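K.L.:
Provided below are the primary sequence and the corresponding predicted coordinates.
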Amino acid sequence: MTIFRTWTRGDKLAFWGIVLSVIVSTLFFVADKTLFKDVRNTPEEIAIALANSSNDNRDRLLEANQSIKDKDKEISALKDAVEGLRYLEKHDGTAKLAAEAERELVAGNPDKAKDIFRNIAEKSLKNSTFEKAKAAQAYRRLGALAYLNNTQEGIDAYQKSVELDPDNAVGWNMLGSLLLRIGKLDEATAAHKEVLRLAKSTNDKELEAAVYGNIGIIRQTQGDPEGAEKYQRKALKIHEEQGYKQGIAKAYTNLGNIHENQGDLEGAEEYQLKALKINRVLGRKEGIAANYANLGNIRQTQGDLEGAEEYYLKALKIHKELGYIEGIAADYTNLGNNRQIKDDLEGAEEFYLKSLKFNEELRYIEGMAINYSNLGNIRGIQGDLKGAEEYQLKSLKISRELGNKHGIATNYANLGVIRKNQGDFEGADEYQLKSLNINRELGNKHGIAINYTNLGIIRQVQGDLEGADEYFLKALKIDQELGYIEGIAINYSNLGNNRQIQGDLEGAEEYQLKALKINRERGNKEGIAKDYGNLGLIRIAQGDLEGTKEFWNKSLDIYKEVGAAAKIELVQGMLDDLSAQKDN
């Protein structure tokens, strides 16, 4: 019957987020085939279709703003590659091959076009006049095509391009994006600083602002929220001075993600709504979808699962209209997170495994780390602690390689939950304290509250009720400061359980009713069901078996309503035991 007492936030979704997207070359143009039926499209139209049909990968808090940030430059680079093919089609010696390569590219196969640009680059380098500029341009075009489906090939091509033409901002910019994709954050920063050097030398303010935004993304990935915000505000200031609305919207989106990551949900929502307003005026569907997805994340964190799903479905609808596979994959994963919260573990796992497959193919290791962590959480909920630990350790290894402090803190917290469930309280305590130290260093209040909650649970199980109370109250204080309603309800419930163990049934009921009131107000059915379960435990302690039965039946009805199979079986078993007890 202790199931209701172990409602720890560490047992739920990893607090650094979840998700992301995919790349399968066979998916090119599934949604856009009609675009090429009757008339020959412009290079820009082809570039947009290619970009929308490929996938980059980002995590939940970064996904939307990364989509906005990278897509414009990706389209620009692809447009240049198509224009390169069109130029070759005008010359007798290359016309047939270039035309065939373009047809293949439109059909979703960039290999022939890549071969053409690779050959041009190699021949230019062998030429007696050593045509560096021509070779560099060919490598940039090769890199743009490789960006679609082969990250390492793209890195190699852009690396060669900047070696030959170190004053070309496009080459450095795209190289930085690809290095970020595979988690080489220091190298990505170095590449973007080269772009910054070029932007300042030419007084290109728009490019300078874009670089600040990119470096801000890297800082956020490294778990440096202050550095991330500093760079995003630099970008915002320039965009505002230039009156560049699209850039302002991007900066607001990025700032919203930073604030969400720190647990400032009110500030996060404010920034996302500002960005959404601008994107609607500009008619930027991709930006609108990104804001919807981020608003969905905020609603989910607040426990408003219906509101979250509504936003995710809005984002999904737009991404389907655009044929933007990356966005579609991210939306499906976010919807999968909702399924996990609703106890539909099979549905959640299906989405995570799809995401992992795509991330492995793209070699996007940060995305793989997130997938491993989420799959580990599912294994833990299913009681497969060995499998849970295996996934979390895989994730931790990657997080360490990336230097991703936020990810490391998450893995430590999740491993602490596993140790607690294994009965290794010393190990559990050690992991939670490691996580807590990192979250304090990062200023991640949301993460700190989670650690306090989990440390409270450990103390409670060890019989240190005073220590448990202290941690729960610390967590409650932070959640109240953040306005994190779900956390407030959780800690009221935990404090109620502590009071019950201490024999203070009146205090226990008071706390459980506070939790119930919050969960009813926000429509959190799972929370309401757990609160009824806890109130039933209090009634048992009071000797009121009829009251217990009433609360547990209410809990059972809600679990049946949301389709939480494991909880249905558990509560039904408790009711059966109660009936047997009454009969005896």
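P.N.:
Structure received.
K.L.:
pLDDT averaged over stretch 516-536 - what is it?
P.N.:
Mean pLDDT, computed over stretch 516-536, is 86.
K.L.:
what of stretch 158-173?
P.N.:
On average, stretch 158-173 scores 94.
K.L.:
check which residues of it are buried.
P.N.:
Going by neighbour count (16 or more other C-beta atoms under 10 Å), the buried part of stretch 158-173 is 158-162, 164-165, 168-173. Backbone N, C-alpha and C define where each C-beta goes, glycine included.
K.L.:
burial count for N451?
P.N.:
30 (other C-beta atoms under 10 Å).
K.L.:
around the closest residue to it other than its chain neighbours, how many other residues sit close by?
P.N.:
The shortest distance from N451 to any non-neighbouring residue, by C-beta to C-beta, 6 or more residues apart in numbering, is to L436 (4.0 Å). Per other C-beta under 10 Å, the neighbour tally for L436 reads 22.
K.L.:
what do you get for E390?
P.N.:
15.
K.L.:
next: E100.
P.N.:
The number of residues near E100, taken as other C-beta under 10 Å, comes to 15.
K.L.:
mind telling me what element it is part of?
P.N.:
helix 95-106 (DSSP states H and E).
K.L.:
what is the mean pLDDT for that helix?
P.N.:
79.
K.L.:
now swap in stretch 340-350 and tell me
P.N.:
Mean predicted confidence for stretch 340-350 is 83.
K.L.:
quick revisit: in JSON lines: the buried residues of stretch 158-173, plus secondary structure and distance to K90.
P.N.:
As requested, the buried residues of stretch 158-173 are arranged in JSON lines below (DSSP: H, G, I helix; E, B strand; the rest coil; distance: C-beta to C-beta, whole Å):
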{"residue": "Y158", "secondary structure": "helix", "distance to K90": "27"}
{"residue": "Q159", "secondary structure": "helix", "distance to K90": "30"}
{"residue": "K160", "secondary structure": "helix", "distance to K90": "26"}
{"residue": "S161", "secondary structure": "helix", "distance to K90": "24"}
{"residue": "V162", "secondary structure": "helix", "distance to K90": "29"}
{"residue": "L164", "secondary structure": "helix", "distance to K90": "25"}
{"residue": "D165", "secondary structure": "coil", "distance to K90": "24"}
{"residue": "N168", "secondary structure": "coil", "distance to K90": "24"}
{"residue": "A169", "secondary structure": "helix", "distance to K90": "28"}
{"residue": "V170", "secondary structure": "helix", "distance to K90": "23"}
{"residue": "G171", "secondary structure": "helix", "distance to K90": "25"}
{"residue": "W172", "secondary structure": "helix", "distance to K90": "30"}
{"residue": "N173", "secondary structure": "helix", "distance to K90": "29"}
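K.L.:
quick one on the thing from earlier: may I have the helix or strand the residue nearest to N451 falls within as CSV, with CA atoms only?
P.N.:
In this assignment (DSSP H and E), L436 forms part of helix 425-442. The C-alpha trace of helix 425-442 is given here as CSV (Å, rounded to 0.1, in the frame of the first residue of the first chain):
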residue,chain,number,x,y,z
PHE,A,425,20.0,4.3,0.5
GLU,A,426,23.6,5.3,0.9
GLY,A,427,24.1,5.1,-2.9
ALA,A,428,20.8,6.9,-3.5
ASP,A,429,21.9,9.7,-1.1
GLU,A,430,25.2,10.0,-2.8
TYR,A,431,23.7,10.4,-6.3
GLN,A,432,21.1,12.9,-5.2
LEU,A,433,23.7,15.0,-3.4
LYS,A,434,26.0,14.9,-6.5
SER,A,435,23.0,16.1,-8.6
LEU,A,436,22.1,18.7,-6.0
ASN,A,437,25.7,20.2,-6.1
ILE,A,438,25.6,20.5,-9.9
ASN,A,439,22.1,22.1,-9.9
ARG,A,440,23.2,24.6,-7.3
GLU,A,441,26.2,25.5,-9.4
LEU,A,442,23.9,25.9,-12.4
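K.L.:
just the mean pLDDT for it, thanks.
P.N.:
93.
K.L.:
and that helix, which residues are buried?
P.N.:
Buried residues in helix 425-442 (16+ other C-beta under 10 Å): 428-429, 431-432, 434-436, 438-439, 442.
K.L.:
cool, stretch 241-248 as well?
P.N.:
Under the neighbour-count rule (16+ other C-beta under 10 Å), stretch 241-248 has 244, 246-248 buried.
K.L.:
looking at those residues, which is nearest A101?
P.N.:
Q246 (32.3 Å; C-beta to C-beta).
K.L.:
where does pLDDT dip in the stretch 1-150 of the chain?
P.N.:
Along the stretch 1-150 of the chain, segments meeting pLDDT under 70 span 1-74, 92, 128-130, 149.
K.L.:
picking up where we left off before, I'd like the buried residues of helix 425-442 as JSON lines, with distance to I501 appended.
P.N.:
Formatted as JSON lines, the buried residues of helix 425-442 follow (distance: C-beta to C-beta, whole Å):
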{"residue": "A428", "distance to I501": "19"}
{"residue": "D429", "distance to I501": "19"}
{"residue": "Y431", "distance to I501": "24"}
{"residue": "Q432", "distance to I501": "20"}
{"residue": "K434", "distance to I501": "27"}
{"residue": "S435", "distance to I501": "25"}
{"residue": "L436", "distance to I501": "24"}
{"residue": "I438", "distance to I501": "31"}
{"residue": "N439", "distance to I501": "28"}
{"residue": "L442", "distance to I501": "33"}
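K.L.:
show me what contacts N553?
P.N.:
For N553, the contacting residues are L575, by C-beta atoms under 8 Å, 6 or more residues apart in numbering.
K.L.:
secondary structure class of it, three-state.
P.N.:
For N553, the reduced secondary structure class is helix; criterion used: DSSP: H, G, I helix; E, B strand; the rest coil.
K.L.:
can you list the domains in the protein?
P.N.:
Per automatic domain parsing, the structural domains of the chain span 1-20+364-462, 24-202.
K.L.:
among those, which is the most enclosed?
P.N.:
Ranked by mean neighbour count, those are led by domain 1-20+364-462 with a mean of 22 (mean count of other C-beta atoms under 10 Å).
K.L.:
picking that back up, just how off-centre is the helix holding L436 within its chain?
P.N.:
22 Å (C-alpha atoms, centre = their mean, to the nearest Å).
K.L.:
what is it packed up against?
P.N.:
Judged by 3 or more C-beta pairs under 8 Å, 6 or more residues apart in numbering; DSSP states H and E, helix 425-442 is in contact with helix 405-422, helix 445-462.
K.L.:
ok, which of these comes nearest V211?
P.N.:
Closest approach to V211 among the helices and strands packed on helix 425-442 is made by helix 405-422 (22.6 Å; C-beta to C-beta).
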